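1. No sequence on hand, only this structure:
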């Protein structure tokens, strides 16, 4: 969701991080995670998107899924939040967009293996997998690479990796490639501009609440170089369209009709690749407005129950 990245070296403030809960060591990284609900219930893994921490899955949202009978697990992807920050320089996006992938330290398959490894640490053979934005890409790749670990798949505001679908609007690209903020206040201002641009036009978040949320995320962890490496991963990873045809678990695709970060064509393409009918939400953008929590949770739970 928040995708402002540096154009050069990492911002010196990017190392500021708070102390979190115990982490899961897997696949060469440590992942910060948290759970909700009864550990004996069916596990459901929430995967968040580009430059976005696990706390972007709101606590009440996680609680709603748990109340529906699931053991909910959310975590920070590598290079975000309180999980491992990869020891690698920020990729040169000029070279990357020119086809030179040598500076990209990991691919979507690595992030999918991170998620599967978290299940290993938690002694969970398989889970319902729900991903938003880049998290949807990770979930898709997990269903492709680790099919026995996925009970059901729900891809939200995401895309297949095909270059002709799911692309950002021009005004969003300008924000995506803006230099990293140098102060907390600047980061909040930038985040506000981004969310006001990509958020749901029919369900806007009040400005004060939005700025508070962005400030809390900044205080927990601010790592623009990590976001840049994740963005490079998205660009460098191959199209998943053909491989998604092999996914046999129950699948759902949810997308906002007004999404300016991942165009709704990405949702249609994902649904077509999976052979399902997408749920397209009028007036929704690239966020999780509280007014739509019941809609999103309902789609997640309905799809998960089909796996039974």
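-> Arrived safely. Only a predicted model underlies this, so the values are computations on that prediction, with no experimental measurement involved. Numbering: from 1, shown residues only.

2. Closest to the centroid, which residue in the protein?
-> residue 49 (1.6 Å; Cα atoms, centre = their mean).

3. Could you confirm that one falls within a helix?
-> No: counting by DSSP: H, G, I helix; E, B strand; the rest coil, residue 49 falls outside a helix, being coil.

4. Contacts only, for it.
-> 1, 56, 131, 132, 133, 134, 135, 136, 157, 158 (Cβ atoms under 8 Å, 6 or more residues apart in numbering). Yep, even glycine has a C-beta here, placed from its N, CA and C like the rest.

5. what do you get if the cut-off is 7 Å, keeping everything else the same?
-> 1, 132, 133, 134, 135 (Cβ atoms under 7 Å, 6 or more residues apart in numbering).

6. ok, now how distant is it from residue 158?
-> Distance of residue 49 to residue 158, given as Cβ to Cβ, to the nearest Å: 8 Å.

7. Would you mind grabbing the residues shared as contacts by these two?
-> residue 133.

8. in this protein, what spans have low per-residue confidence?
-> 1-21 (pLDDT under 70).

9. residue boundaries of the strands in this protein?
-> Using DSSP state E, the strands assigned to the chain run over residues 23-26, 29-36, 42-47, 70-75, 127-132, 150-156, 251-256, 279-281.

10. among the ones you listed, which is nearest residue 201?
-> Nearest to residue 201 among the strands of the chain is strand 251-256; the distance by Cβ to Cβ comes to 9.3 Å.

11. Which other helices and strands does that closest one contact?
-> For strand 251-256, the elements it packs on are strand 150-156, helix 264-274, strand 279-281, helix 293-306, judged by 3 or more Cβ pairs under 7 Å, 6 or more residues apart in numbering; DSSP states H and E.

12. Give me the contact list for the longest one.
-> Meaning helix 293-306. With Cβ under 7 Å, 6+ apart, helix 293-306 has contacts from 44, 61, 64-65, 68, 70, 128, 130, 152, 154, 156, 250, 252, 254, 279, 281, 288.

13. now the angle from it to strand 127-132?
-> 150 degrees (axes from the mean of the first three to the mean of the last three Cα atoms, to 10 degrees).

14. Any buried residues in helix 293-306, and which?
-> Buried positions in helix 293-306, judged by neighbour count with 16 or more other Cβ atoms under 10 Å: 296, 297, 299, 300, 301, 303, 304.

15. so how far is residue 140 from the closest residue to residue 35 other than its chain neighbours?
-> Of all residues not flanking residue 35 in the chain, residue 73 sits nearest, at 5.2 Å (Cβ to Cβ, 6 or more residues apart in numbering). As judged by Cβ to Cβ, residue 73 and residue 140 stand 18 Å apart.

16. of these two, who's got more company?
-> residue 140 (30 against 25; other Cβ atoms under 10 Å).

17. Excluding sequence neighbours, find me the nearest residue to the more buried one.
-> Using Cβ to Cβ, 6+ apart, the nearest residue to residue 140 is residue 240, at 5.3 Å.
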